[in-house]
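Colleague: turn this into a structure:
(one chain, ligands or ions: 1)
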Amino acid sequence: MQGGREEVGQRSETVRRANLSAIVRELHLRGPLSRSELVARTGLTRSTIRALIVELAAGDLVAEEAAVRLGTPGRPSPLVRLNADTGVVLALEIAIDSLAVAIVGPGGVVHELERVDRPRGHSSLEDVVADLVELANRARSRRPAGEMPSRVAVAVAAIVSRTDGIVRFAPNLGWVDVPLGDRLIEALALPVPVEVDNESDLGALAEFRRGAARGADDVLYVHGEVGVGGGIIVDGRPLDGIGGYGGEIGHMPVNPAGRPCRCGSIGCWETEVGEGALLVLAGYPLDGGREAVDQVLADAAAGRPAALAAIDTVGRWLGIGLAGLVNILNPRRVVLGGLFSRIHPLVADRVDESLDRFALAAPRRLVSVVPSTLGMDAPLLGAAEMAFEPLLADPAAWLGPRSALTQLVSA
Ligand SMILES: [Zn+2]
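Modeller: Got it, this is the predicted structure:
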């Protein structure tokens, strides 16, 4: 019966791993919880929770705080919280106008965050990697000596092959088939994996977990800059297609009589709602950049008609594209990021009108359109969330083999 006993052992090990994951995930997403709340949220018994918390605490992943009264009868319950200094991750971002770094601890605790300007134009891989490494080293130098991130993740405005970290196409950087992941692994010289993903996919993840889309399981995140990117969450999971290239909503054809797009096509959605469209409509050069965008927004705030009309037209096209996407995806929430969150107060009515007019009534009724709450840091914080995933999925791998103590407690 040796085989049978081994099978039972493996099954109980699988259950233990799943239970540890459930506890750590709840604490990561919701913050400190009492044992009773953990019982309620995970469906595990009180004694199982107690045993697993002992194990997580022994591995320095959680700590229990002094008991607090929750207004319920009975003994006060101590609060369990993740140790924000154990298993930190390093997040990096290559945005249109900036580079950024963050060191984030479990629970989404941001220990370090720095963003520096990056001049636009075709930057070489070597320059960008060197700048990112300098930023990362500076952030790490402000943390306790010897701290090692458990993973590194990078958000980039590009079509990215996530399995090998190759940037397939980044029009703003002038990159085609560039091995960003491998170069960063070499240059950072850290003995940990480096993942690369699209900034809008990561923005969606961050808004879903910690921002404007919390509590909604079906989410469309729309990021507007020079280009327009999308991140889609369906039933709580990212939808990114077989190559991870999905969500390129900026290249939806909407106007065959429109302007040429950077992708080689004509009249893509981003040619009607992207930064270039706004600038041209407002009477600025197409490549005016961030200063020109700031000027258009200042003009609009001052009530200048040309700027208000330009923003109004962009709002109308934004609503038209969103109507099609709402019909296809039936999301609970649409989160507008980047440029779109900046113009949201000025275009909200226009977008709603377009949705009323062009979307099907049933999905239209269920969706709300809101601005990002994480702002320009959404993709960076999303990179951190992606980097936490292995820890959340299997904290037991962090703890190592089952300790004798736990066997004793759970027996
Ligand atoms: Zn296009």
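Colleague: going by C-alpha atoms from here, please, whenever you check contacts or count neighbours.
Modeller: Noted.
Colleague: would you mark the buried spots in stretch 286-296?
Modeller: Neighbour-count burial for stretch 286-296 flags L286, G289, A292, V293, Q295, V296 (criterion: 16 or more other Cα atoms under 10 Å).
Colleague: contacting residues around that stretch?
Modeller: D97, E275, G276, A277, L278, L279, V280, A282, Y284, A307 (Cα atoms under 8 Å, 6 or more residues apart in numbering).
Colleague: now, those that are in strands?
Modeller: Assignment to strands by DSSP state E places none of the contacts of stretch 286-296 there.
Colleague: could I get the residues you listed as CSV with pLDDT and distance to P144?
Modeller: Output for the contacts of stretch 286-296, formatted as CSV (pLDDT from 0 to 100; distance: Cα to Cα, whole Å):
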residue, pLDDT, distance to P144
D97, 88, 30
E275, 95, 41
G276, 95, 44
A277, 96, 46
L278, 97, 45
L279, 97, 45
V280, 96, 49
A282, 96, 49
Y284, 96, 48
A307, 97, 49
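Colleague: just the buried ones from these, in ChimeraX syntax?
Modeller: The buried residues among the contacts of stretch 286-296 can be selected in ChimeraX (16+ other Cα under 10 Å) with this line:
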select :97,275,276,277,278,279,282,284,307
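Colleague: quick one on the thing from earlier: farthest-separated two in the buried residues of stretch 286-296?
Modeller: Spatially, the most separated pair among the buried residues of stretch 286-296 is L286 and Q295, at 13.4 Å (Cα to Cα).
Colleague: now find how far off-centre the longest helix seen in the chain is within its chain.
Modeller: Longest helix of the chain, by residue count under DSSP state H: helix 2-30. The chain centre lies 27 Å from the centre of helix 2-30; the measure is Cα atoms, centre = their mean, to the nearest Å.
Colleague: against which helices or strands is it packed?
Modeller: The helices and strands touching helix 2-30, judged by 3 or more Cα pairs under 8 Å, 6 or more residues apart in numbering; DSSP states H and E, are helix 35-42, helix 46-58, strand 77-82, helix 378-393, helix 395-399.
Colleague: do that again at 6 Å, thanks
Modeller: Contacts defined by 3 or more Cα pairs under 6 Å, 6 or more residues apart in numbering; DSSP states H and E place helix 2-30 against helix 378-393.
Colleague: buried residues in the helix it packs on, which are they?
Modeller: By 16+ other Cα under 10 Å, the buried positions in helix 378-393 come out as 378-388, 391-393.
Colleague: residue ranges of the strands in the stretch 51-200 of the chain, please?
Modeller: Under the criterion DSSP state E, counting those that start in this stretch, the stretch 51-200 of the chain contains strands at 62-68, 77-82, 89-94, 98-105, 109-117, 152-156, 159-161, 166-170, 175-178, 194-198.
Colleague: can you give the contact residues for the third one?
Modeller: If I follow you right, that is strand 89-94. Contacting residues not belonging to strand 89-94 are listed as 99-104, 149-156, 380, 383-384 [Cα atoms under 6 Å, 6 or more residues apart in numbering].
Colleague: got a pLDDT number for whatever residue of the stretch 1-150 of the chain ends up closest to the ion?
Modeller: Residue nearest to the ion within the stretch 1-150 of the chain: I96 (17.1 Å; Cα to the ion). I96 is assigned a pLDDT of 88 by the prediction.
Colleague: give me the number of residues near it?
Modeller: 20 (other Cα atoms under 10 Å).
Colleague: ditto for E147
Modeller: Look at E147: counted by other Cα under 10 Å, it has 13 neighbours.
Colleague: what sits closest to it if chain neighbours are left out?
Modeller: Distance criterion Cα to Cα, 6 or more residues apart in numbering; nearest residue to E147, sequence neighbours excluded, is R140 at 7.9 Å.
Colleague: against R46, how distant is the one you found?
Modeller: Distance of R140 to R46, given as Cα to Cα, to the nearest Å: 39 Å.
Colleague: G324 now?
Modeller: Taking Cα to Cα, one finds G324 at 48 Å from R46.
Colleague: before we move on, what's the pLDDT of E7?
Modeller: We have a pLDDT of 78 for E7.
Colleague: around the ion, pick out the residues from this protein.
Modeller: Residues of the chain lying close to the ion (Cα under 5 Å from the ion) are H251, C261, C263, C268.
Colleague: what sits against the closest residue to the first one other than its chain neighbours?
Modeller: Leaving aside its chain neighbours, H251 sits nearest to C268 (4.7 Å; criterion: Cα to Cα, 6+ apart). The contact partners of C268, by Cα under 6 Å, 6+ apart, come to H251, M252, P253, V254.
Colleague: again, 7 Å this time
Modeller: G250, H251, M252, P253, V254, N255, C261 (Cα atoms under 7 Å, 6 or more residues apart in numbering).
Colleague: bridging residues for it?
Modeller: P253 (DSSP bridges).
Colleague: tell me the spacing between T313 and N137.
Modeller: Going from T313 to N137 by Cα to Cα gives 44 Å.
Colleague: V110 now?
Modeller: As for V110, its distance to N137 is 16 Å (criterion: Cα to Cα).
Colleague: more neighbours: which of those two?
Modeller: Neighbour tally, V110 and N137, criterion other Cα under 10 Å: the higher count belongs to V110, 16 against 13.
Colleague: how many neighbouring residues does R46 have?
Modeller: As a burial measure, R46 scores 13 neighbours (other Cα under 10 Å).
Colleague: could you find the closest non-adjacent residue to it?
Modeller: In space, and not counting its chain neighbours, R46 is closest to V39: 6.0 Å by Cα to Cα, 6+ apart.
Colleague: doesn't T48 make contact with the one you found?
Modeller: No. The criterion here is Cα atoms under 7 Å, and V39 misses it with T48 at 9.0 Å.
Colleague: ok so, going back, which of the contacts of C268 tops the neighbour count?
Modeller: The residue in the contacts of C268 with the most neighbours, by other Cα under 10 Å, is G250 (24 neighbours).
Colleague: in the helix or strand R342 falls within, what counts as buried?
Modeller: Using DSSP states H and E, R342 maps to helix 339-358. Judged by neighbour count (16+ other Cα under 10 Å), helix 339-358 contains these buried residues: 339-344, 346-348, 350-356, 358.
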